[in-house]
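Trainee: Next come a sequence and a model predicted from it.
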Amino acid sequence: MYQLLLTRKYLTSKIMPLLASIAVVLCTAMVLITWSVMGGFLKNLVKSGRTMIGDVAIVWPNVGFPHYDELISMLEADPMIEAACPMIESYGLVHLPGDRNELVVVKGVDGPSFDRVTGFADTLYWKPLAKPLKKDKQQQDWRNRQHPLWEQKQKDGLALEEYDPATDRMVGAAVMGIEVSGYNIREVWGGYTPGIVIVPQPDGTTRDVQVLMFDDTVTLNLLAMDGSGHSVETKTRKLPVANEFQSGLYDIDKQTMIVNLAVIQDMLNMDEARRLDPTIPYDPFAIATDPVTGREIPAPPPPMLIEPARATTVLVRGVDAEADPRILAERCRTIYKAFAAAHDKQVPPIGSIRVSTWEDQNRTLISAVKKETGLVLFIFSFISLTAVILVLAIFWSMVSEKTKDVGVLRSIGAGRLSVAMVWINYGLAIGLIGSLLGGALAYAIVLNINPIHDWMGEALNITIWDPRVYYFVEIPNEVEPDKAVIVMLGGILSSTIGAIIPALRAAYLSPVKALRFE
Amino acid sequence: MNRVQPQPNRRRQRPTMALLEVQHLRKTYRLGRVEVPVLHGASLAVEEGEFVAILGASGSGKSTMLHLIGGLDRPDRAPKGEPDASVMFDGHAIGSMAARELDRYRAGTVGFVFQFYHLLPELNVLQNVMIAGMVRHGLAFASHRGESRARAESLLGAFGLGSRLRHRPAELSGGERQRVAIARALINEPRLLLADEPTGNLDRKTGDAILDTLAQIRERTRQTVVMVTHDAHVAARADRIVKLEDGRVVAEHSKPLA
């Protein structure tokens, strides 16, 4: 009982506990802010990395495998699987406006089904905005301007098709990563504006030209392969750019180009084809009799075999986005096994196929950021040890100052443990107050980190989080409750530990020496 | 005052059982590498209801003796061949008590009054008195709160501090502080009140007032009191004076009964 009374009195009548509480507040807030921002950064990164690849990929690179539609039907019939789509992944050389060439990863997809698996539509950049970007206070973003073009671009981008006035039909189109061309300028308000290039004119003058990639064309060069994986020829195709996409991952946005699946299948000789059955002898000079006229005519060719179209990859999206993708991958393996059994010798066996989760595919990047987060957290936690040392120092000094009180308490019958509890309670109270206030401070800062950052930029000209560098427009501003609880418990524990040594010192003071202490 | 030689076996000469019996007390303090002997086999017996003053100069060992009686410290072991030291209170050996028993002894059986009051500066007058009750009852204090508060208020009222209950020690005079300290020492109704130079930090007039307070308490409750002082005038208020020199009892003087 008396411990609580003394703890309360010591807390409210001294400046030192206030200083110790401030130290705990700052350390708790520092660790929680760091963890929340870095954790949020990692979360955004993972989310962005997952955007373009779904949950699981079934891959047979280079030549691909046929009957993928059937595999997709089998996959989509499974209750664990929400959607699946085909994809062809290859490398290509893209010729850009301004006579520039870039090496790109080409993904041939069917827009709508790719969207169902990966949320592709959300990544399309040129589309009408529901509301301006938070940092775009001047509304400089072109997408804020009311124009039917944006809706058309969104529609074309999703379908990966564009109207060709020359032929009066829809033709296969490309959606470029927003950073591929290098003509889009990333602005501090978080969006892009088309860049301007200086074009020399025949008369020796120059002209400024704004490069609108989303309304331009590119020329794609691919190396087509035969069914055995040997390259046979280079295929070149001029493609209209229906839109550009922004996944949130610089590497993907810089190196990837999404193209209509039919176009890529055609360019890589992976589309449906008819060929002769080698088991039936065929004489091109054979003569047959016309059953109607009875005249001799060239004999018709034997029935042709239909070679189905191929895809290198089938992307799969699970029903439960939070579920362990390894379980889904295992399910996909089982389904593929049944699929391979049904198409024996036509599709690669399960042992040859690679079934990988989105985590496997982003493992290097994710583990790098995870390690970085861990390292930063470790460093900050280490710095937070100063709180423990500070509490220890303050308590040590307070025990010295209160040595006489210890003597008095012992003289009126307080036991050692009981005296120690005065100081331990004290540490606990400082930890509790400091951690709760630190948690509240961290919550307030993280929640308002973007306005605070904006204010720093405006008032002090300090920009720590530059979207051009960090790629995410906003600083992650979410505090996870479990993290908050862990950090606050850490703060309480640290303060209590900091109080234990001085508490033991107080407990083991000789009462006589304590009473005589000057 | 008669000068007497220390008599280790005095208890046997006394016809009645003493409340407190102290025998052959030895204590040496160590200051760094230097050993400072303070008590050299001092002995003392105090009857229930008696007011004994231990009179001695500074360094004579009187406060150390009080601390040993109050269980704040333990006596040294006797050298080989010498009789062992003992502090017996109502037949219980204080020196051999376990730490928890000793805590209970200090909380419930003895009450200390110090020269420098030793009040807790953060607590008000009432809390300074009640804290001894809190320590004694521990978690059970909740059920003793009313009773403890009433006793604290009654004591403080009797000492003329009824209107100063919410004041902090810093707002009180020396005499008032000492009266608060006496109230704290008495809150648990101890059988033995130990006062260490209770007037040593006060002027003569205030000191006399404190002694009057002690006298009133004794008159009312027959409280056993052991008081140490260097002042013969103060010691004269006691029933018996025990003179301590260089850690030994050198003389005793009993006041004739009125």
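Mentor: It's in. Numbering: from 1, shown residues only, chains lettered A, B, ... in the order given.
Trainee: Who are the contact partners of whichever residue of the stretch 401-518 of chain A sits closest to chain B?
Mentor: Closest residue of the stretch 401-518 of chain A to chain B, Cβ to the nearest Cβ: A:Gly413 (2.4 Å). Every C-beta, even on glycine, is put in place using the N, C-alpha and C of the backbone. Shown in contact with A:Gly413 (Cβ atoms under 8 Å, 6 or more residues apart in numbering or on different chains): B:Asp103, B:Arg104, B:Tyr105, B:Arg106, B:Ala107, B:Gly108, B:Ala132, B:Val135, B:Arg136.
Trainee: Nearest the geometric middle of chain B, what residue?
Mentor: When Cα atoms, centre = their mean is applied to chain B, the residue found nearest the centroid is B:Leu194 (0.9 Å).
Trainee: in which helix or strand would I find the residue nearest to B:Gly111 when sequence neighbours are not counted?
Mentor: Once flanking residues are discounted, B:Gly111 sits nearest to B:Ala185: 3.1 Å by Cβ to Cβ, 6 or more residues apart in numbering or on different chains. Taking DSSP states H and E as the definition, B:Ala185 sits inside helix B:174-186.
Trainee: Also A:Gly439?
Mentor: Using DSSP H and E, A:Gly439 sits in helix A:416-447.
Trainee: do that helix and chain B meet at all?
Mentor: Yes - counting by Cβ under 8 Å from any Cβ of the partner chain, chain B has neighbours in helix A:416-447: A:Arg416, A:Ser418.
Trainee: Now do that helix: which elements does it pack against?
Mentor: Judged by 3 or more Cβ pairs under 8 Å, 6 or more residues apart in numbering or on different chains; DSSP states H and E, helix A:416-447 is in contact with helix A:2-13, helix A:16-51, helix A:363-401, helix A:403-411, helix A:481-507.
Trainee: and the ones you listed, which is most packed in?
Mentor: Mean neighbour count (mean count of other Cβ atoms under 10 Å in any protein chain shown) peaks for helix A:403-411 among the helices and strands packed on helix A:416-447, with a mean of 24.
Trainee: Pull the distance from that one to the chain's centre.
Mentor: Relative to the chain's own centre, helix A:403-411 is displaced by 60 Å; criterion: Cα atoms, centre = their mean, to the nearest Å.
Trainee: and for that helix, what are the contacting residues?
Mentor: In this structure, residues lying in contact with helix A:403-411 by Cβ under 8 Å, 6+ apart are A:2, A:6, A:399, A:418-419, A:422, A:506, A:509, A:511-517, B:70, B:72, B:106, B:112, B:114, B:118-120, B:135.
Trainee: Next, the angle from it to helix A:481-507.
Mentor: Put simply, helix A:403-411 runs at 80 degrees to helix A:481-507, going by axes from the mean of the first three to the mean of the last three Cα atoms, to 10 degrees.
Trainee: where in chain A is pLDDT low?
Mentor: The model of chain A has pLDDT under 70 over residues A:49, A:226-229, A:387, A:466-473, A:517-518.
Trainee: Point out the residues in it that sit beside chain B.
Mentor: Checking chain A against chain B by Cβ under 8 Å from any Cβ, the hits are A:1-2, A:5-6, A:9-10, A:13, A:404-405, A:407-416, A:418, A:510-512, A:515.
Trainee: Quick one, grab the pLDDT at the closest residue to chain A within chain B.
Mentor: Nearest to chain A, among the residues of chain B, is B:Ala107, at 2.4 Å (Cβ to the nearest Cβ). Model confidence at B:Ala107, given as pLDDT, is 91.
Trainee: That one and B:Ala99, how far apart?
Mentor: Separation of B:Ala107 from B:Ala99 (Cβ to Cβ, to the nearest Å) stands at 13 Å.
Trainee: Could you do A:Ile501 as well?
Mentor: According to Cβ to Cβ, A:Ile501 stands 21 Å off from B:Ala99.
Trainee: same check, this time on B:Phe114
Mentor: Distance, B:Phe114 to B:Ala99, by Cβ to Cβ: 22 Å.
Trainee: now B:Leu20
Mentor: Distance, B:Leu20 to B:Ala99, using Cβ to Cβ: 21 Å.
Trainee: do A:Val232 as well
Mentor: Distance from A:Val232 to B:Ala99, by Cβ to Cβ: 94 Å.
Trainee: What strands line up against the strand or helix carrying A:Leu93, and which way round?
Mentor: Following DSSP H and E, one finds A:Leu93 within strand A:81-96. Partners of strand A:81-96 in the sheet, by DSSP bridges, are strand A:100-109 (antiparallel), strand A:217-225 (antiparallel), strand A:313-318 (antiparallel).
Trainee: Just name the most buried of these.
Mentor: Most buried of the strands paired with strand A:81-96, by mean neighbour count (mean count of other Cβ under 10 Å): strand A:313-318, with a mean of 26.
Trainee: Residues contacting that strand, please?
Mentor: For strand A:313-318, the external contacting residues (Cβ under 8 Å, 6+ apart) are A:53-60, A:64, A:68, A:71-72, A:75, A:80-89, A:114, A:116-118, A:325, A:328, A:332.
Trainee: what helices or strands is the following helix or strand past that strand leaning on?
Mentor: Note on strand A:313-318: by DSSP H and E, the next helix or strand toward the C-terminus is helix A:325-342. Applying 3+ Cβ pairs under 8 Å, 6+ apart, we find helix A:325-342 packed against strand A:56-59, helix A:68-76, strand A:81-96, strand A:313-318, strand A:354-357.
Trainee: Great, nothing more from me.
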